[in-house]
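In: Generate coordinates for the sequence data below:
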Amino acid sequence: MNERYLWADGLKGCLMMLVILGHIIQVAIGDCEHNRLWNMIYSFHMPAFMAISGWLVYKEPSIQMGGGKFLIKRRFCQLVIPYLIWSLIACVKNEEFTLGNLFDIILTPDKYYWFLWILFLIFTLFQLSGYFSKKFKMKVNTIIIVMCVLLMGGMVVFNLRICGIQLLSYYFLFYSLGYILHSQSGLQTKKLGILLPLSLIWLFLALNWNMHDLPDWMPLIPHVPKSALQYLYRGVTASIAIYALLGLAPLIIKGNCLFSKWMIKFGIVSLGLYVVHLFYLGYIVDLMHLIIPTNYGIINTSIVFIVVLAISYITIVVLSKKKLTSRYFLGKL
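Out: Numbers count the residues shown, from 1 in each chain. The predicted structure follows:
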């Protein structure tokens, strides 16, 4: 595999570690929106995951596989089928197997494994962008930017939340950012003199980040909805982190050290880790509460993190052994 894709997989692995850690804080510690580490993680980790997915989907025309319909069908098998199966398993596990919850799997995917669902919708929109580009003889990046504006504008104005439209609108922006940065190599940089100051700016913004509020120092603007300012602050914070990560990751993640090798391994199975760790997390947190019935600290959280990661990775290895389980549970074709 090309070295640039190795570091990209390694970055996905690092981000997945943050996803797992964030979920542990959310489930085990609670009151996560007042937890500084949780806020810092959530300020960029899922937008960055979308961005690296967009970065990876960009390919030169000479190495593209098949047409749009073929790729959409392939992504449906890789993403939507596992999403439906794991969501059904979650309904059974949580004793919520009702007709209403079955509809919610499609109508409110944020209750389930929304990342897979949204990733498929975004990929489908990108294929449509290619179709519109050819039909109207416009650059693909221009179509993508127009879609970003329409989706974000629609989200702020109409606040639609059916079928995950609000998630689609928000994360389409970051997927597009990764795609455009890969397609326009002149926009990228590996200069530490630029990347390190950007990292410090992100750190300042992340320390003041909150899921549902603005920092105290940021004033409201007359006639501008507060929700628009919140999305702006979140978007700017995540975008700065993404730009810095895409520049720093190739310098940090090398295939010849133990850390990089494991991050690459985790990155390759990141979608599997995403769904499988959520299946085990509640059980392991409850077990830890029984063994050590105290408030969660660094030691407890670290133990849960290691156990969840180890069991999830072993489960993925086992599921990968059989063609059917690999295909339907992990989306491996």
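
In: elements contacting the helix or strand hosting Phe172?
Out: With elements taken from DSSP states H and E, the one containing Phe172 is helix 165-183. Applying 3 or more CB pairs under 8 Å, 6 or more residues apart in numbering; DSSP states H and E, one finds that helix 165-183 makes contact with helix 45-57, helix 114-136, helix 140-158, helix 226-252. Bear in mind the C-beta positions are built from the backbone N, C-alpha and C, glycine included.

In: Could you tell me the least trusted of those?
Out: Taking the average pLDDT of each of the helices and strands packed on helix 165-183, the minimum falls on helix 140-158, with a mean of 83.

In: mind listing what's buried in that one?
Out: For helix 140-158, a neighbour-count test (16 or more other CB atoms under 10 Å) marks Val140, Ile143, Ile144, Met147, Cys148, Leu151, Met152, Met155, Val156 as buried.

In: That helix to helix 226-252, inter-axis angle?
Out: Using axes from the mean of the first three to the mean of the last three CA atoms, to 10 degrees, the inter-axis angle of helix 140-158 relative to helix 226-252 is 140 degrees.

In: And the contacts of helix 140-158?
Out: With contact meaning CB atoms under 8 Å, 6 or more residues apart in numbering, helix 140-158 is reached by 125-126, 129-130, 132-133, 136, 160, 165-166, 168-170, 172-173, 176, 179-180, 183-184, 225, 227-228, 231.

In: For the helix holding Phe172, list the C-alpha coordinates in PDB.
Out: C-alpha atoms of helix 165-183 as PDB (Å, rounded to 0.1, in the frame of the first residue of the first chain):
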ATOM      1  CA  ILE A 165     -30.400  15.300   7.700                       C
ATOM      2  CA  GLN A 166     -28.800  17.500  10.400                       C
ATOM      3  CA  LEU A 167     -25.900  15.200  10.700                       C
ATOM      4  CA  LEU A 168     -25.600  14.900   6.900                       C
ATOM      5  CA  SER A 169     -25.500  18.700   6.500                       C
ATOM      6  CA  TYR A 170     -22.900  19.200   9.100                       C
ATOM      7  CA  TYR A 171     -20.500  16.400   8.300                       C
ATOM      8  CA  PHE A 172     -20.800  16.800   4.500                       C
ATOM      9  CA  LEU A 173     -18.700  20.000   5.100                       C
ATOM     10  CA  PHE A 174     -15.800  18.100   6.600                       C
ATOM     11  CA  TYR A 175     -15.900  15.200   4.200                       C
ATOM     12  CA  SER A 176     -15.700  17.900   1.400                       C
ATOM     13  CA  LEU A 177     -12.800  19.600   3.100                       C
ATOM     14  CA  GLY A 178     -10.800  16.400   3.100                       C
ATOM     15  CA  TYR A 179     -11.600  15.700  -0.500                       C
ATOM     16  CA  ILE A 180     -10.800  19.200  -1.700                       C
ATOM     17  CA  LEU A 181      -7.500  19.300   0.300                       C
ATOM     18  CA  HIS A 182      -6.400  16.100  -1.400                       C
ATOM     19  CA  SER A 183      -7.500  17.200  -4.900                       C
END
